[in-house]
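Chemist: Take this sequence and fold it.
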Amino acid sequence: MEKKRRRKSGGRNEEDRLSDLPDGVLLYIMEFLPTRQVVQNSVLSKRWKNLWKSLSTLSFKPFYGIRKYNKSLSHIFSNRDHSVPLHNLHLTKLTLSIDFKFKEMPNSFVSLIFNCQSLTFLDLFISSSCFSLKLPPCLLLPSLKTLNLSNITFTARDNDCVEPFSTSTSLTTLVLRHSLHHHSAQTLCISNPTISTLKLENMVHSNTFIPKIVLSVPNLSSFTLENSHSSMCYELSSTCHLPFLKEVKIDNRVRVHSSIIINWLALFCNVRTLTLSSHTLYIFLKDFYLGTMDIQPPYFGRLKTFKIEMGFNSYMISEDEVNTVLEYLVQNCETTNVDVIEC
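Modeler: Numbering: from 1, shown residues only. Okay, here's the model as predicted:
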């Protein structure tokens with residue numbers, strides 16, 4: 001005969017009806033609670049200790065301390081039973097640093113992340129140099145405001161072009177790093193009417209092709225471009241004049257002809273504050289001395305402040321050389337009252 005679980009209460013035994021419920025019923029109840037609370041309560045019963053690992057719905061609410069929050073997420077994702085399909089994911093913030101072991105996790109987990117309706121902040125960093133996370137062609141994240149992606153691969157469509165961000169209708173900040181591989185789409189279209197801050201850092205992770213990046217971000221106010229890899233090269237273009245652009249920073253440490261940088265600057269001719277690194281200035285100087293500067297700088301109609309960010313190579317550039325480059329770059333400005341600041 002099946003034994004009933006009983007507990008003492010006030011000097012008499014009471015039947016533990018909750019623990020007698022089938023696993024399926026207990027899991028159904030647990031899915032209505034925040035997952036962190038379910039995991040914490042699992043210590044109350046030996047039977048519950050591993051039962052939470054079979055949850056098919058995970059729900060997270062932010063609590064004080066982002067490190068503690070991310071540690072909790074990591075513990076739950078790494079210890080759940082991955083043979084059980086994950087059907088629903090409810091969270092607002094997610095930061096994951098993923099190593100090569102992540103490729104053993106089911107694709108359904110990745111799909112749920114990029115279709116999470118409640119997610120407002122997402123930071124994914126793939127730490128393995130030989131593995132990248134493959135993004136779906138379209139990110140269905142209507143609540144997402146901030147997106148940081150490192151070492152990911154964009155899934156190309158039939159025309160070898162991908163436009164993953166257009167359906168994230170609340171997105172304001174986008175940061176992309178190491179995200180154009182040899183097996184990525186050759187044309188990345190960053191199209192979104194709400195993005196105001198965009199940073200591209202060492203985008204190309206392959207020297208087998210020259211990808212294209214097309215910007216369609218009419219509300220862009222801040223843009224940063226950082227290149228430090230020797231294989232870095234891509235075509236950059238824009239479908240609009242970026243009328244709300246306030247600040248642009250370019251730090252290029254790759255040996256390219258200065259005409260490429262001039263073409264980049266021409267896209268941002270409506271900028272108010274322009275910051276160039278000393279590494280970028282040094283590229284202009286080389287072409288000055290080689291006599292290959294045969295292109296006019298863009299017309300900056302609204303430029304007010306020109307900043308020079310002095311790096312570790314600043315000792316290689318004299319003040320006169322800095323002034324030579326500056327005079328060349330601002331010769332077509334609407335106003336001659338441009339503040340030059342070394343920082």
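Chemist: From the centroid of this protein, which residue is nearest?
Modeler: residue 148 (1.7 Å; CA atoms, centre = their mean).
Chemist: tell me the contacts of that one?
Modeler: Shown in contact with residue 148 (CB atoms under 8 Å, 6 or more residues apart in numbering): 122-125, 175, 177. In this view, the C-beta of every residue, glycine as well, is placed from N, C-alpha and C.
Chemist: Filter those down to the buried ones.
Modeler: Buried by 16 or more other CB atoms under 10 Å: 122-125, 175, 177, out of those.
Chemist: between these, which is nearest residue 239?
Modeler: Nearest to residue 239, judged by CB to CB, of the buried ones among the contacts of residue 148 is residue 175 at 20.9 Å.
Chemist: which ones are touching the closest one?
Modeler: Applying CB under 8 Å, 6+ apart to residue 175 gives the contacts 147-149, 198-199, 201.
Chemist: Of those residues, which belong to strands?
Modeler: In this view, these that belong to strands under DSSP state E are 147-149, 198-199, 201.
Chemist: pretty sure residue 266 is in a helix, no?
Modeler: Yes. Under DSSP: H, G, I helix; E, B strand; the rest coil, residue 266 sits within a helix.
Chemist: Apart from its neighbours in sequence, what residue is nearest residue 332?
Modeler: The shortest distance from residue 332 to any non-neighbouring residue, by CB to CB, 6 or more residues apart in numbering, is to residue 299 (4.5 Å).
Chemist: shouldn't the one you found be in contact with residue 268?
Modeler: No. Applying CB atoms under 8 Å, one finds residue 299 not in contact with residue 268, separated by 11.6 Å.
Chemist: So for those two, which sits in the more crowded spot?
Modeler: residue 268 (22 against 12; other CB atoms under 10 Å).
Chemist: Check the gap between the more buried one and residue 176 for me.
Modeler: 17 Å (CB to CB, to the nearest Å).
Chemist: what about residue 134, which helix or strand?
Modeler: Assessed by DSSP states H and E, residue 134 sits inside strand 133-135.
Chemist: Point out the least confident member of the contacts of residue 148, please.
Modeler: In terms of pLDDT, the weakest of the contacts of residue 148 is residue 125, which scores 77.
Chemist: host element of it?
Modeler: If you go by DSSP H and E, residue 125 is part of strand 121-126.
Chemist: Packing partners of that strand?
Modeler: strand 93-98, strand 146-150 (3 or more CB pairs under 8 Å, 6 or more residues apart in numbering; DSSP states H and E).
Chemist: shouldn't residue 26 be in contact with residue 50?
Modeler: No. With contacts counted by CB under 8 Å, residue 26 stays clear of residue 50, the gap being 11.9 Å.
Chemist: Neighbour count: these two, which is higher?
Modeler: Neighbour count, other CB under 10 Å: between residue 26 and residue 50, residue 26 has more, with 20 against 12.
Chemist: follow-up on the earlier one: what lines up beside the strand holding residue 125 in the sheet?
Modeler: Strand pairing for strand 121-126, determined by DSSP bridges: strand 93-98 (parallel), strand 146-150 (parallel).
Chemist: I'd say residue 41 and residue 47 touch.
Modeler: No. Assessed by CB under 8 Å, residue 41 is found out of contact with residue 47, at 11.9 Å.
Chemist: Name the stretch among the strands paired with strand 121-126 that sits most buried.
Modeler: By mean neighbour count, with neighbours taken as mean count of other CB atoms under 10 Å, strand 146-150 ranks first of these at a mean of 19.
Chemist: Helix, strand, or coil at residue 325?
Modeler: helix.
Chemist: wait, I meant residue 46
Modeler: Going by three-state DSSP: residue 46 is coil.
Chemist: and what of residue 171?
Modeler: Strictly by three-state DSSP, residue 171 counts as coil.
Chemist: List the residues that contact it.
Modeler: Applying CB under 8 Å, 6+ apart, the residues near residue 171 are 141, 144-147, 165, 192, 194-195.
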